[in-house]
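Asks: need coordinates for the below:
(one chain, ligands or ions: 1)
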Amino acid sequence: MRRKIVDDSWCPVCGLEPETSFHILWACPSTKDAWGASCKKFQKSTLMGPNFFNIVEEVLLNGKEEDIKLFAGLSRQLWLRRNMLLHEGVFIHPNTLVQRADFGKAMGREYREGEPTGRMDVEKWKAPPAGRLKVNWDAALNLTRGRMGMGVVIRDHDGRVRAVKCSLKQGHFDPTAAETMAAIHALKFCMAQGMLNICMEGDAKNVVDALNSREENWSRTGYLVDEARNLLNGFNN
Ligand SMILES: [Zn+2]
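Replies: Residues are numbered from 1 along each chain as shown. Sure thing, here's the model as predicted:
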């Protein structure tokens, strides 16, 4: 397992903002799925900073008892996830965090403290066939600061995390270019690890379609699409 962190004072997950409690527990793009999956009341648009205490105050004042419990549980799980990524190179799936935060009751699953966490929950994520690795990639942009974060998580057919990489680029990119660059980044990472039987999975449909298409790509990001397709040709599967 290898991990590279560009700068310790920046968020170790996205690399887009300085690491404050507000960022790592609330504002980081990586927390969006977890908060979104937990409770409608915790949608980012309805609760605002500027620091984490403002959010806590809002939840304590207006939340019901179960909301407060879930909020506290998920905040703690996000902090544990950050530590797990830093120290063990393992990145836990948002659905798993929500299940654990919900005091082990959600979806009828029990969670015990200290349970091995290398396996991810396969609620939505679909495992690749045996002998292949699933590569999930994503990009996040901070337009104000002119930074782009790229993330890659590689898991085997059992859902075990085999490798994680987060990287950062300075500059202004549009979302399609950013997603395509993140795909290239993921492919190069797999090659460097000798992982040549893979299933790539990204969430930007236009980029996935462009990579799957055999037609010449004349768009502004066509040269990136070409580079990614050339890299794909170097894989066994
Ligand atoms: Zn972040």
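
Asks: for the rest of this, base every contact and every neighbour count on C-alpha atoms.
Replies: Will do.

Asks: show me what contacts the residue nearest the centre of the chain?
Replies: For the chain, residue 30 is the residue whose C-alpha lies nearest the centre (Cα atoms, centre = their mean; 5.2 Å). With contact taken as Cα atoms under 8 Å, 6 or more residues apart in numbering, residue 30 is in contact with 13, 14.

Asks: gap between it and the ion?
Replies: For residue 30, the distance to the ion equals 6 Å [Cα to the ion, to the nearest Å].

Asks: now residue 193
Replies: 25 Å.

Asks: neighbours of that residue, how many?
Replies: Applying other Cα atoms under 10 Å, we find 12 residues neighbouring residue 193.

Asks: check residue 229 too.
Replies: Neighbour count for residue 229, taken as other Cα under 10 Å: 18.

Asks: and the helix ranked longest in the chain, how far out from the chain middle?
Replies: Criterion DSSP state H: the longest helix present in the chain is helix 65-88. Centre-to-centre, helix 65-88 and its host chain are 15 Å apart (Cα atoms, centre = their mean, to the nearest Å).

Asks: check stretch 229-237 too.
Replies: That offset, for stretch 229-237, works out to 24 Å (Cα atoms, centre = their mean).

Asks: buried ones in that stretch, by neighbour count?
Replies: For stretch 229-237, a neighbour-count test (16 or more other Cα atoms under 10 Å) marks 229, 232 as buried.

Asks: do stretch 205-215 as well
Replies: 207, 208, 210, 211.

Asks: wait, what's in contact with the closest residue to the first one other than its chain neighbours?
Replies: Spelled out, it's residue 207. Counting by Cα to Cα, 6 or more residues apart in numbering, residue 207 lies nearest to residue 180, which is 6.2 Å off, once chain neighbours are set aside. Contact analysis of residue 180 by Cα under 8 Å, 6+ apart lists 207, 221, 224, 225, 228.

Asks: scan these and report the most crowded one.
Replies: Greatest neighbour count in those, by other Cα under 10 Å, goes to residue 225: 26 neighbours.
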